[in-house]
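Participant: below are the sequence and a predicted model; questions follow.
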Amino acid sequence: MKVIGTAGHIDHGKSTLVKRLTGIDPDRLDEEKRRGMTIDLGFAWIDLPSGERASIVDVPGHERFVHNMLAGAWGIDLALLVVAADESVMPQTREHAAILDLLGIAGGVVALTKADRVEDELIEIASEEVRELLQGSGLAASPIVAVDSVSGRGLDHLMEALDGALAVGKRRPDTGKIYLPIDRVFTRPGYGTVVTGTLHGGPLTTGDEISIVPGERRARVRGLQVHGKSVTTAPGGARVAVNLAGVPADSLHRGDALSVDGSLRGVQSFDARIQVLPSAPVTLRSGMDVTVHLGAAEGTATIRCLEGNIQPGGESWVHFRTRRPVPATRHMRYVVRLPSPVGTVGGGEVVDLSPRRGRRTTVVARLEQLGSDSLGEVILGILSSGRYDAGELARQAGEPDDLVAAALADLCETGPIVKIGGTYLADRSWGELRRRALDRLAEFHAGHPYRAGMPREELRNKLDWPEGTWNELLAVLLSEGTIEERGLAVALKSHDRAWQAGHAENLLSVLMKEPFRPPSGEELLARAGCDQELLAALTEQGQIVRVDDGLYFGRPAYEEVLAQVRAVIAAEGELTVARLRDDLDTSRKYALALLEYLDRRRITQRRGDARILGSRSA
C-alpha cells in the first residue's frame, strides 16, 4: 500500500482537489472550514483506475505551517505538487519542492489547478516554470496535468497519471523493522487513545505489544483502522489509525513513534550527510541552533560541521545534538530549518545513530565507510568503534536481520571480523583485545610474582568483556597457546611459578615446626624471610590454610585436624573446644579458631558448648 502527499503554495487548491478526487474533505478542523485554509494535516484515500487504493496526506501550504507539512510529507511514496495556473510558482511552491527533494521523494505528479481561469498560453508558461523549478530534482520527470476541480476538467488524466507514477515509482525500502511515526493523537469516546501515522515495515496486528519511543512506555494494540474500516492486520505502507490500550492520550505527542520489536530507539545525537540548499539564507557553522525535522518529530538541535563551514549549495558531514530524544533509524531522511529567520536550510540522510567523538579526520573516515552502498563496509564501519551482537548491528545498520546475518557470515569467513560467542568485533579490535589481555597478565605477574595467575573474573573486568560470552572469549585465547588456566586463575605460559620453590619451602618449614601452634602471620613472614605476596600465593594454591586474620596452618596440619574432628564426633556424637585442645596439644586460642573456621565452612555446627557435624561435613 502506498501514500500520496500533497504539496504547494497556500490557496492553490490542494484540499479542494483532494475532496474532488476522493469525495472526502481533508479539512477536519472547524477553524480550517471557517477560514478556508488548511492548518494541519488532513487524510483521505483514493481508488485509482488500476484498482489500487492509495492513502492521501493533505498538507497546509501557508509558510507558518511548514512544520505541519513536514510531519505529513515524511514517508510518502508519491508527491502531488499542486500549482495554481493563474499564479504559477510561488514561494511555498519552491520551499515545498525543495523539501520533497531533501526527503528523497523521487516520484510525483504536478497538478496545474484553476486551469479554467487562464488561457492555454498561460498554462504552458506555468508548466515551463514548474519544469524549471523541478529541474535536477527527483521530481524532474513528473508529468504535468492541467485540471479544474470545479468542472472536473482533467481529473481523469490526473488519476491516470497518479496511477502510472505509483506503478513505476521506487518502493520505500523495507528494513524489516516495524515502526509508525505518530502524526496525530486524539481520544475517541468508547475507545480511548488513538494515534495515526504511516506504517513502515509492517504488518501491525491487533494484540501486538508495542513500545513507544522515546521513553520506556509500553502499550497494546487494541484495534486498527485503515481507510476508515476496522482491520485485524494493517499492511506496511498503509495510513493507519491505532487504538492503544495502556497509555493515556495526554502522554503521547506528534513525533513519538510506535515500535513492535524494540529496534527503534530515541537518540539525542546522530551523524548525517547534509545537502545545503543553494537558496539557504546562511552559511552553516558549528554551534548554530537549528530546527531538525525527523520523521514526524520536530526539535531544536545544535549542529557541528565536521569538515568546516558549509556554504549554500554545499554538501558535507555534520553532527547533531538534540535538546530531547527523537525516534530515529539509519537511512531516515531529515530536513533542517532555521528558527529565525524561519526558512529551510537543507537536509539529508541519517548515517550513524551511535556517533563517536575523536579527531575529525577519523570520524569522517568512519562516516564515509558507513555511507557506503556495501553492507559489509557499513558493518565494518560500525565495528570500528566497538563490539556488538547481530541484533544491535542490524539496528545500527538499518537493514533487515537476514541480510545482516548473511553479511556477517561472509565477513567471518573472509576474515575482516571475528565472532566470539554471540559478539562480533573487527579483526583489528580483536588484535587489540588480545594484546590487552597479554599486557594485563604481564602486569599482574610483575606485581604478584609468587601467585599462579590472575583470577579469571579479574581479567574479565580488566578487558571490560560481558559475562555472558566470557567463557567463549577465554576459550579462544587459551586455544592460541600463549596463556593457560591454573585452577581458577589465568597466566602467561611463560610465567615462572616461583611459588613452587625457594622461599616457599622456608615458609612451609616454619609452619611444620609447631604445626598446631603456628606463629602469627607477621612473625611467620619474619622467620621465613619473605613477604605477604608469597603468603597470598601459597594460600591461593591451597598449600596453607588461612583460618583467621593473621593465623595460618600448613595444609598437612589442617587435614590432620579435620580427620581428628570427624573421628571424635563420629565416635562420641560431639566435640568440645577443650577436647580438641587436648588432642592437638595446643592452646584454647588455636582450638577455638580452628572450630570457628570449620563452623563457617559448615563442616561443623555449634550446639551449646560442643560441635556436631554440619551440612557440608562430607
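Facilitator: Okay, I see it. Numbering: from 1, shown residues only.

Participant: CA atoms for contacts and neighbours, from now on please.
Facilitator: Will do.

Participant: and for A557, nearest residue in space, chain neighbours not counted?
Facilitator: Once flanking residues are discounted, A557 sits nearest to P515: 5.7 Å by CA to CA, 6 or more residues apart in numbering.

Participant: quick one: contacts for the one you found?
Facilitator: By CA atoms under 8 Å, 6 or more residues apart in numbering, the residues touching P515 are 553-554, 557.

Participant: then K177?
Facilitator: K177 neighbours (CA under 8 Å, 6+ apart): 200-202, 259-261, 263-264, 400.

Participant: can you pull the pLDDT of it?
Facilitator: Looking at K177, its pLDDT stands at 76.

Participant: state the distance from it to D271.
Facilitator: From K177 over to D271 the distance is 21 Å, taken as CA to CA, to the nearest Å.

Participant: quick revisit: doesn't the residue nearest to A557 fall inside a helix?
Facilitator: No. Using DSSP: H, G, I helix; E, B strand; the rest coil, the assignment for P515 is coil, not a helix.

Participant: from K14, how far out is it?
Facilitator: 100 Å.

Participant: buried stuff in the strand ranked longest in the chain?
Facilitator: Counting residues, the longest strand found in the chain (DSSP state E) is strand 315-328. Under the neighbour-count criterion of 16 or more other CA atoms under 10 Å, strand 315-328 has 315-322, 325-328 buried.

Participant: and if you look at stretch 505-517?
Facilitator: 506-508, 510-512, 515-517.

Participant: for the record, mean pLDDT for the longest strand of the chain?
Facilitator: On average, strand 315-328 scores 94.

Participant: please apply the same query to stretch 260-267.
Facilitator: On average, stretch 260-267 scores 81.

Participant: residues in contact with it?
Facilitator: Stretch 260-267 has contacts (CA under 8 Å, 6+ apart) with 177-179, 208-211, 213-215, 325-329, 353, 395.

Participant: out of these, which are inside strands?
Facilitator: 179, 209-211, 213, 325-328.

Participant: all strands of the stretch 351-500 of the chain, in order?
Facilitator: Taking DSSP state E, counting those that start in this stretch, the strands of the stretch 351-500 of the chain run over residues 417-420, 423-426, 454-455, 483-486, 489-492.

Participant: no, scratch that, I was asking about the stretch 51-200 of the chain
Facilitator: Under the criterion DSSP E, counting those that start in this stretch, strands of the stretch 51-200 of the chain are mapped to 53-58, 78-84, 108-113, 144-146, 179-181, 184-188, 192-198.

Participant: for the helix or strand following the last one, which strands pair with it and how are they oriented?
Facilitator: Meaning strand 192-198. Downstream of strand 192-198, the next assigned helix or strand under DSSP states H and E is strand 204-205. Partners of strand 204-205 in the sheet, by DSSP bridges, are strand 233-234 (antiparallel).

Participant: and this protein, what are its domain boundaries?
Facilitator: The record's domain split for the chain, according to automatic domain parsing, is 3-168, 179-259, 265-362, 500-613.

Participant: so which helix or strand of the chain has the lowest pLDDT on average?
Facilitator: helix 30-35 (a mean of 53; mean pLDDT, DSSP states H and E).

Participant: angle of the very next helix or strand once past that helix against strand 53-58?
Facilitator: Sequence order places strand 42-47 as the next helix or strand after helix 30-35, per DSSP H and E. Interaxial angle of strand 42-47 relative to strand 53-58 (axes from the mean of the first three to the mean of the last three CA atoms, to 10 degrees): 150 degrees.

Participant: buried residues in strand 42-47?
Facilitator: By neighbour count on 16+ other CA under 10 Å, the buried set for strand 42-47 is 42-46.

Participant: quick one, helices of the stretch 451-600 of the chain?
Facilitator: Taking DSSP state H, counting those that start in this stretch, the helices of the stretch 451-600 of the chain run over residues 456-463, 470-479, 503-513, 521-528, 532-541, 555-572, 577-584, 588-600.

Participant: with distance to R220 and mean pLDDT as added columns, please give these in TSV.
Facilitator: TSV is the format used below for the helices of the stretch 451-600 of the chain (distance: least, CA to CA, whole Å; pLDDT from 0 to 100):
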stretch	distance to R220	mean pLDDT
helix 456-463	40	92
helix 470-479	37	90
helix 503-513	67	83
helix 521-528	65	82
helix 532-541	55	81
helix 555-572	62	92
helix 577-584	66	93
helix 588-600	52	93
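
Participant: tell me which of these lies nearest to L100.
Facilitator: helix 456-463 (48.1 Å; CA to CA).

Participant: show me what the closest one is packed up against.
Facilitator: When contacts are defined as 3 or more CA pairs under 8 Å, 6 or more residues apart in numbering; DSSP states H and E, helix 456-463 sits against helix 427-447.

Participant: next, count neighbours for R602.
Facilitator: 15 (other CA atoms under 10 Å).

Participant: element containing it, please.
Facilitator: Per DSSP H and E, there is no helix or strand for R602.

Participant: wait, isn't it in contact with S615?
Facilitator: Yes. Using CA atoms under 8 Å, R602 is in contact with S615, at 5.8 Å.

Participant: related to what we said a few turns ago, what's the pLDDT at the residue nearest to A557?
Facilitator: Value for P515, per-residue pLDDT: 92.

Participant: just V342 next, same as before
Facilitator: Per-residue confidence (pLDDT) for V342: 81.

Participant: show me what contacts it?
Facilitator: Taking CA under 8 Å, 6+ apart as the test, V342 contacts no residue whatsoever.

Participant: can you tell me how far it sits from G75?
Facilitator: 23 Å.

Participant: got it, and L48?
Facilitator: 20 Å.

Participant: the more surrounded of those two?
Facilitator: Set L48 next to G75 and count neighbours by other CA under 10 Å: G75 wins out with 26 against 19.

Participant: report the contact partners of the more buried one.
Facilitator: 3, 198, 295 are the contacts of G75 under CA under 8 Å, 6+ apart.

Participant: kindly report the same for A140.
Facilitator: Per CA under 8 Å, 6+ apart, neighbours of A140: 131, 134.

Participant: got the phi and psi for it?
Facilitator: With angles defined as degrees, to the nearest 10, A140 sits at phi -60, psi -30.

Participant: which residue sits closest to I483, ignoring its sequence neighbours?
Facilitator: For I483, ignoring the flanking residues on the chain, the nearest one in space by CA to CA, 6+ apart is L492 at 4.3 Å.

Participant: again with S587
Facilitator: In space, S587 is closest to R581, 5.8 Å off (CA to CA, 6+ apart).

Participant: would you quantify the distance from the one you found to S142?
Facilitator: Applying CA to CA to R581 and S142 gives a distance of 102 Å.
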